[in-house]
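# Pasted the sequence and its predicted model underneath.
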Amino acid sequence: MKITIFGSGYVGLVTGACLADVGHEVMCVDVDADKVARLSQGEVPIYEPGLETLIHQNLDAGRLHFTNDAKAAVEFGLLQFIAVGTPSDEDGSADLRHVLKVAETIATHMTEYRIIVDKSTVPVGTASKVERTVAATLEARGAAIEFDVCSNPEFLKEGAAIEDFSRGSRIVIGTESERVRQTMRECYGPYNRQRDKLMFMGVRSAELTKYAANAMLATKISFINEMANLAERLGADIEEVRHGIGSDPRIGYHFIYPGCGYGGSCFPKDVKALAHTAEAAGHPAHLINAVEQVNARQKSRLFEMVSDAFDGDLAGKTIALWGLAFKPNTDDMREAPSRALMEALWQAGARVQAHDPEAAEECLRIYGNREDLDLTEHRDETLEGAHALVICTEWKAFRTVDFVKLRERLVEPVVVDGRNLFSPESARDAGLTYYAIGRGASVRPVVA
Ligand code: UDX
């Protein structure tokens, strides 16, 4: 079937490439002409394992096209996916400008029945707004053309997006229309063979499902981080506690890894947007607000620990930093804990020597060339003349370390591990001052 996808960002590209890969004809449309030209040549602007290969294969097979011709794109697909960005407004609500602009574009050019699919993460009620925008634009044209709007949120994780699209746990579709149900069954048929993963529900329920899923996961993370900070004060080890609670299947082991706070393009933005939606609906969501506050505090933990190690005097110190991306297998630094740390270190007069297997270019794009930042090609180059090492991202390449060599290379033997990669005993046996998250290292037990 023919499918159009508005927005060649992360979600649009993954959706387009995956749908083309199972035999659909897909046209991806974006307003950025330069991006379209590069994508048409197979140049993929984001790092996502497997995506470039998939795009190449499907470009070569003639099933995937990129364009900035909106009219041609609206003519092309019976399904018109909207996968454009919904950035946070200043007040934390989702900015729907791009989504509604696409709705208007579709209505301006459509000449026959179209199904408009909201793929972007959008607040509850957006499908109704899209519907009203399309209806108003059609009316202004004097055109009486049928259309439907449905909600089809994505649950992709960066770094595993292709896998999540192909083998995700569910495909949520919000619609009341039988025609839409049938078309979406056909669209996702190839990904729905082993068991029926399609979940049809009301449009508003589908919209809320996306936010509820992300908020639940973010809540688990903030919960374990809160426990970690408590464990530190009480002289307990959060890793033992994590094992203890995760073994209960009602709790489970997933998403209870303590760390330096969640980042990325989804959790921070979606938690804030949900809090805003709740407020606007006259039901302030205390739990969601707390999740956000705990995370903001958690992001400052690494700096507090480095500062603690040097009695608050970081001026002139050089800090080695491993990991810039908000998580492994991506070059994405949006809301990454590394950013909060670097900015606080610079503020305190320290220099940073950082290494990340993928995100160096992105870091340069964000911060430009600055005297107090050195990006090194190899992990251990960061240690030259460094007073301390801080680990922000759990890339595989950071998991194996010779502590004795590490101690010899650092000016001061201080390691701050924001991802609990090592055993505190081994680190301390090697003579390191080792700070971790919730492992009794950075705060002396205050309860006997
Ligand atoms: C997330 C959701 O997982 C996905 O379903 C949704 O569609 C988009 O948002 P993503 O942002 O790509 O995906 O990353 P994810 O792997 O979920 O990690 C998010 C953040 O939480 C990262 O900063 C990660 O380090 C942190 N995290 C995750 C923890 O701190 N502890 C955990 O146990 C799990």
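Here it is on my side, so go on. Residues are numbered from 1 along each chain as shown.
# Surely Gly174 is in contact with Leu198?
No: counting by Cβ atoms under 8 Å, Gly174 does not reach Leu198; the two are 11.7 Å apart. Backbone N, C-alpha and C define where each C-beta goes, glycine included.
# Helices of the stretch 101-250 of the chain, start to end?
For the stretch 101-250 of the chain, the helices defined by DSSP state H, counting those that start in this stretch occupy 126-141, 161-167, 178-188, 203-234, 238-246.
# circling back: and Gly174 and Leu198? which has more neighbours close in?
Each of Gly174 and Leu198 has its neighbours counted (other Cβ atoms under 10 Å); Gly174 has more, 26 against 16.
# Does that one have any beta-bridge partners, and if so which?
Legend: beta-bridge partners of Gly174 under DSSP bridges are Ser151, Met201.
# Against the ligand, how distant is it?
16 Å (Cβ to the nearest ligand atom, to the nearest Å).
# ok, now which ones touch that residue?
Contact partners of Gly174, counting by Cβ atoms under 8 Å, 6 or more residues apart in numbering, are 127, 150-152, 200-207.
# Nearest to the ligand among these?
Closest to the ligand out of the contacts of Gly174 is Asn152 (12.7 Å), distances taken as Cβ to the nearest ligand atom.
# wait, isn't that closest one in contact with Arg170?
No: using Cβ under 8 Å, Asn152 is not in contact with Arg170, being 11.1 Å away.
# more neighbours, these two?
With neighbours defined as other Cβ under 10 Å, Asn152 and Arg170 compare such that Asn152 has more, 23 against 13.
# about what we covered before: mind checking which of the helices of the stretch 101-250 of the chain is nearest Leu78?
helix 178-188 (6.7 Å; Cβ to Cβ).
# coming back round to it: go through the helices of the stretch 101-250 of the chain and name the closest to the ligand.
helix 203-234 (4.5 Å).
# what angle sits between the closest one and helix 126-141?
Counting by axes from the mean of the first three to the mean of the last three Cα atoms, to 10 degrees, helix 203-234 lies at 140 degrees to helix 126-141.
# If you average the pLDDT over helix 203-234, what comes out?
Across helix 203-234, pLDDT averages out at 97.
# same thing with stretch 254-266?
For stretch 254-266, the mean pLDDT works out to 96.
# Next: stretch 86-101.
On average, stretch 86-101 scores 89.
# Just the buried positions in it, please.
Within stretch 86-101, the residues that qualify as buried by neighbour count (16 or more other Cβ atoms under 10 Å) are 86, 92-94, 96, 98-100.
# Same check on stretch 134-148?
134, 137-138, 147-148.
# so can I have CSV of those showing pLDDT and distance to the ligand?
Listed next are the buried residues of stretch 134-148 as CSV, based on pLDDT from 0 to 100; distance: Cβ to the nearest ligand atom, whole Å:
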residue, pLDDT, distance to the ligand
Val134, 98, 26
Thr137, 98, 30
Leu138, 98, 32
Phe147, 98, 27
Asp148, 98, 24
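# Find the closest residue to the ligand in the stretch 101-250 of the chain.
Closest point on the stretch 101-250 of the chain to the ligand, by Cβ to the nearest ligand atom, is Glu158, at 3.5 Å.
# Quick check: which ranges of the protein have low pLDDT?
441-448 (pLDDT under 70).
# Name the residues of it found near the ligand, please.
154-158, 214, 217, 221, 255-257, 259, 262-264, 266-267, 326-327 (Cβ under 6 Å from any ligand atom).
# can you rerun that using 5 Å?
Contact residues, the chain versus the ligand (Cβ under 5 Å from any ligand atom): 155-158, 221, 255, 257, 259, 262-264, 266, 326-327.
# Please parse this structure into its domains.
2-201, 235-435 (automatic domain parsing).
# Please identify which of these is closest to Met227.
domain 235-435 (6.1 Å).
# Take the helices of the stretch 101-250 of the chain and write them to CSV, including distance to Ala386.
Compiled in CSV, these are given as follows (distance: least, Cβ to Cβ, whole Å):
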stretch, distance to Ala386
helix 126-141, 48
helix 161-167, 34
helix 178-188, 50
helix 203-234, 25
helix 238-246, 26
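# Buried deepest among the ones you listed, which one?
Comparing those by mean neighbour count (mean count of other Cβ atoms under 10 Å), helix 203-234 ranks first with a mean of 20.
# Now do it against helix 238-246: the angle between them, please.
140 degrees.
# and helix 203-234, what does it pack onto?
Packing partners of helix 203-234 (3 or more Cβ pairs under 8 Å, 6 or more residues apart in numbering; DSSP states H and E): helix 126-141, strand 147-151, strand 171-174, helix 238-246, helix 267-280, helix 286-299.
# do that again at 6 Å, thanks
Here helix 203-234 touches strand 147-151, strand 171-174, helix 267-280, helix 286-299, going by 3 or more Cβ pairs under 6 Å, 6 or more residues apart in numbering; DSSP states H and E.
# from the chain's centre, how far out does it sit?
14 Å (Cα atoms, centre = their mean, to the nearest Å).
# Stretch 82-92 now?
On Cα atoms, centre = their mean, the centre of stretch 82-92 falls 14 Å from the chain's centre.
# Now compare the buried residues of stretch 86-101 and name the two farthest from each other.
Using Cβ to Cβ, the buried residues of stretch 86-101 span at most 18.8 Å, a distance reached by Gly92 and Leu100.
# What segments of the stretch 251-400 of the chain are strands?
318-322, 351-355, 373-375, 388-391 (DSSP state E, counting those that start in this stretch).
# which residues are in contact with the second one?
Right, the one you point to is strand 351-355. Identification of contacts with strand 351-355 by Cβ atoms under 6 Å, 6 or more residues apart in numbering yields 318-322, 324, 342, 345, 372-376, 379, 382, 386.
# ok, it: who's next to it in the sheet?
In the sheet, strand 351-355 lines up against strand 318-322 (parallel), strand 373-375 (parallel) (DSSP bridges).
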